[in-house]
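> with the input below, show me the fold.
(one chain, ligands or ions: 2)
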Amino acid sequence: MSTTGGTRIRELIVTPIAFRDPPLLNSNGVHEPLALRIILQLVLEDGTVGLGESPGGTARLERLEAAAKVVVGMDVFDTTAAATAIDAALLPTVPSSHERGWTTSAVEVACLDAQGKLLGRPVSDLLGGKVRDSVPFAAYLFYKWAEHPALDGRAAVGDDWGEALDPAGIVEQARLMQQRYGFRSFKLKGGVFPPDEEIAAIRALAEAFPGQPLRLDPNTAWTVETSKYVARELDGVLEYLEDPTRSIEGMAQVVEDSPLPLATNMCVIAWEHLKPAVEQNAIQVLLTDHHYWGGLRRTRELAAVCEAFGLALSMHSNSHLGISLAAMTHVAAAIPNLDHSCDTHYPWNSADDVIVPGVLEFRDGEVAVPAGPGLGVELDHGALDRLHRLYVESGVRSRDDTGYMRRIHPEYELRLPRW
Ligand SMILES: O=C([O-])C(=O)C[C@H](O)[C@@H](O)C(=O)[O-]
Ligand SMILES: [Mg+2]
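Numbering: from 1, shown residues only. Ligands and ions are numbered 1, 2, ... in the order given. Model (predicted):
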């Protein structure tokens with residue numbers, strides 16, 4: 001292990017990237033052809049490099065660049081001090097603790113990767129040790145178009161998943177997901193078609209994959225009454241219903257009449273939301289996400305809070321690449337009370353990864369916890385340069401599912417709730 005001097009942070013390199021994303025539909029519109037992430041390289045004085053990955057966009061990039069200035073000179077083992085200093089630096093301009101959490105989390109993961117490399121131990125060991133050797137993930141099913149349509153002189157962009165706009169298309173996509181990755185549970189992103197069509201898709205999945213856990217997430221596309229109706233219709237079919245309606249209060253009203261457990265990654269997204277959610281009995285399952293809950297250690301703490309209040313745990317995901325998947329796998333492996341398989345978008349985006357392939361493989365829907373030091377993954381510098389150039393040249397600077405949908409269907413209106 002290095003001397004204390006060697007463990008100080010020399011530099012935090014913050015690199016925005018863009019990568020291909022299929023036309024996945026959701027309650028806000030449709031995914032654009034390029035998704036954004038930010039890759040962190042935390043360089044210590046002894047040359048050790050810790051990796052991190054954050055969702056992209058100009059605001060998050062600027063905050064990470066501000067954080068980079070704050071952490072230089074700090075000891076990489078002082079993650080609490082680093083988070084406190086970053087939080088204090090952002091507070092005057094970023095009032096939301098949830099928003100500040102995205103920044104502190106990404107830096108913490110890079111610190112833990114570097115710590116693990118210094119100690120020759122995997123990150124899961126730094127989180128108290130793994131309680132499972134591999135982590136189960138769910139197939140993340142989306143209604144989708146066959147291709148991104150031709151637009152502004154750009155040719156149409158297809159993919160090898162095909163179209164999925166009805167129950168048969170969703171079942172076919174689920175079969176492909178199972179063939180390619182071995183998933184044994186399925187989540188359908190809903191809020192796209194009228195509820196009865198999505199209920200039919202879930203019933204078709206239940207018939208095609210008997211006994212395999214299913215969940216539906218319309219991202220607050222429904223009123224309280226519609227949510228209660230869907231919950232009754234899918235009683236005994238879903239393991240949980242995710243964010244059917246908006247707000248802690250709305251979810252609490254649904255719970256009063258729902259035979260199904262309700263889950264969220266939308267109305268409980270910061271520490272201050274836990275107390276009202278528990279007091280109002282608004283949710284039964286929390287989808288944690290280390291990217292905004294303050295990092296991997298805070299996610300372990302969150303799991304303990306959930307245990308105390310009898311909340312089950314699952315894990316949320318956005319479009320992401322391999323550094324995030326490695327971090328998700330390490331923390332999920334170290335949480336005893338992980339009750340459900342984790343979400344992951346990785347199959348939709350893995351073709352453009354920034355890590356050297358070979359470590360993160362799905363077998364029977366599970367990812368083995370990387371055994372190498374730190375996160376156990378290695379940066380592919382060529383891929384990083386290529387995706388950074390794509391970011392620069394594309395001009396895409398924020399996610400805009402609604403705006404992109406309107407460019408293709410000008411009559412599209414964002415309405416939440418829609419049904
Ligand atoms: O569980 C969720 O709410 C998500 O995965 C949020 C994402 O933004 C998803 O809806 C997407 O990528 O379209
Ligand atoms: Mg969700």
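> residue numbers of the stretch 251-400 of the chain in contact with ligand 1?
Within the stretch 251-400 of the chain, the residues that sit near ligand 1 (Cβ under 6 Å from any ligand atom) are 265, 316-319, 343. Backbone N, C-alpha and C define where each C-beta goes, glycine included.
> can I have the buried ones of the residues you listed as a ChimeraX selection?
Listed next is the ChimeraX selection for buried residues among these, using 16 or more other Cβ atoms under 10 Å:
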select :265,316,317,318,319,343
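> restrict the residues of the stretch 251-400 of the chain next to ligand 1 to those near ligand 2?
Near ligand 2, taking Cβ under 5 Å from the ion as the test, the members of those found are residue 265.
> farthest-separated two in the residues of the stretch 251-400 of the chain next to ligand 1?
When Cβ to Cβ is used, the two most widely separated members of these are 265 and 319, lying 14.2 Å apart.
> so who does the closest residue to residue 257 other than its chain neighbours touch?
Leaving aside its chain neighbours, residue 257 sits nearest to residue 228 (4.6 Å; criterion: Cβ to Cβ, 6 or more residues apart in numbering). Neighbour list for residue 228: 254, 257-258 [criterion: Cβ atoms under 8 Å, 6 or more residues apart in numbering].
> any chance of TSV for those residues, columns neighbour count, distance to ligand 2 and secondary structure?
Shown next, in TSV, are these (neighbours: other Cβ atoms under 10 Å; distance: Cβ to the ion, whole Å; DSSP: H, G, I helix; E, B strand; the rest coil):
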residue	neighbour count	distance to ligand 2	secondary structure
254	24	15	helix
257	13	21	helix
258	20	16	coil
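> phi, psi of the residue of the stretch 1-150 of the chain found nearest ligand 2?
Using Cβ to the ion, the closest approach of the stretch 1-150 of the chain to ligand 2 is made by residue 26 at 9.5 Å. Main-chain torsions, residue 26, degrees, to the nearest 10: phi -150, psi -170.
> and residue 274, that one's in a strand?
No: read with DSSP: H, G, I helix; E, B strand; the rest coil, residue 274 is helix and lies in no strand.
> might you report the residue contacts of it?
Contacts for residue 274 (Cβ under 8 Å, 6+ apart) come out as 268, 305, 309.
> could you pick out the buried ones from those?
By neighbour count, with 16+ other Cβ under 10 Å, the contacts of residue 274 hold residue 268 as buried.
> what about the contacts of residue 274, which are in strands?
Using DSSP state E to define strands, no part of those is located there.
> turn the contacts of residue 274 into a markdown table, including pLDDT and distance to ligand 2.
Formatted as a markdown table, the contacts of residue 274 follow (pLDDT from 0 to 100; distance: Cβ to the ion, whole Å):
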| residue | pLDDT | distance to ligand 2 |
| --- | --- | --- |
| 268 | 98 | 11 |
| 305 | 98 | 20 |
| 309 | 98 | 20 |
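> quick one: which of the contacts of residue 274 sit in helices?
Applying DSSP state H to these, the entries found in helices are residue 305.
> residue nearest the centroid of the chain?
residue 317 (1.8 Å; Cα atoms, centre = their mean).
> contacting residues for that one?
By Cβ under 8 Å, 6+ apart, the contact set of residue 317 is 140, 289, 324, 328, 342-346.
> do the same with residue 130
By Cβ under 8 Å, 6+ apart, the contact list for residue 130 reads 122, 124, 330, 333-334, 369.
> re earlier: give me the buried entries from the contacts of residue 317.
For the contacts of residue 317, buried by 16+ other Cβ under 10 Å: 140, 289, 324, 328, 342-346.
> distance to residue 181 for the residues you listed - can I get that in CSV?
Listed next are those as CSV, based on distance: Cβ to Cβ, whole Å:
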residue, distance to residue 181
140, 10
289, 21
324, 17
328, 15
342, 13
343, 13
344, 9
345, 12
346, 9
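> can these go into CSV with extra columns for pLDDT and secondary structure?
Formatted as CSV, the buried ones among the contacts of residue 317 follow (pLDDT from 0 to 100; DSSP: H, G, I helix; E, B strand; the rest coil):
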residue, pLDDT, secondary structure
140, 98, strand
289, 98, coil
324, 98, helix
328, 98, helix
342, 98, strand
343, 98, coil
344, 98, coil
345, 98, coil
346, 98, helix
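> which positions in this structure make contact with ligand 2?
Counting by Cβ under 5 Å from the ion, the chain sits next to ligand 2 at 217, 242, 265.
> what sits against the last one?
Counting by Cβ under 8 Å, 6+ apart, residue 265 makes contact with 242-243, 287, 289, 316.
> thinking again about what came up before, now do the buried residues in the helix or strand containing the residue nearest to residue 257.
Element membership for residue 228 (DSSP states H and E) is helix 224-233. Going by neighbour count (16+ other Cβ under 10 Å), the buried part of helix 224-233 is 224, 226-231, 233.
> repeat for stretch 280-293
In stretch 280-293, counting by 16+ other Cβ under 10 Å, buried: 282-293.
> ends of that stretch, how far apart?
21 Å (Cα to Cα, to the nearest Å).
> show the pLDDT at residue 2.
pLDDT, residue 2: 44.
> can you check residue 189 too?
The model reports residue 189 with a pLDDT of 99.
> what do you get for residue 6?
pLDDT, residue 6: 88.
> please name the nearest non-neighbouring residue to it.
Counting by Cβ to Cβ, 6+ apart, residue 6 lies nearest to residue 46, which is 3.2 Å off, once chain neighbours are set aside.
> number of nearby residues for that neighbour?
For residue 46, the number of neighbouring residues by other Cβ atoms under 10 Å comes to 16.
> picking that back up, from the contacts of residue 274, pick the one nearest ligand 1.
Of all these, residue 268 has the smallest distance to ligand 1: 12.3 Å, by Cβ to the nearest ligand atom.
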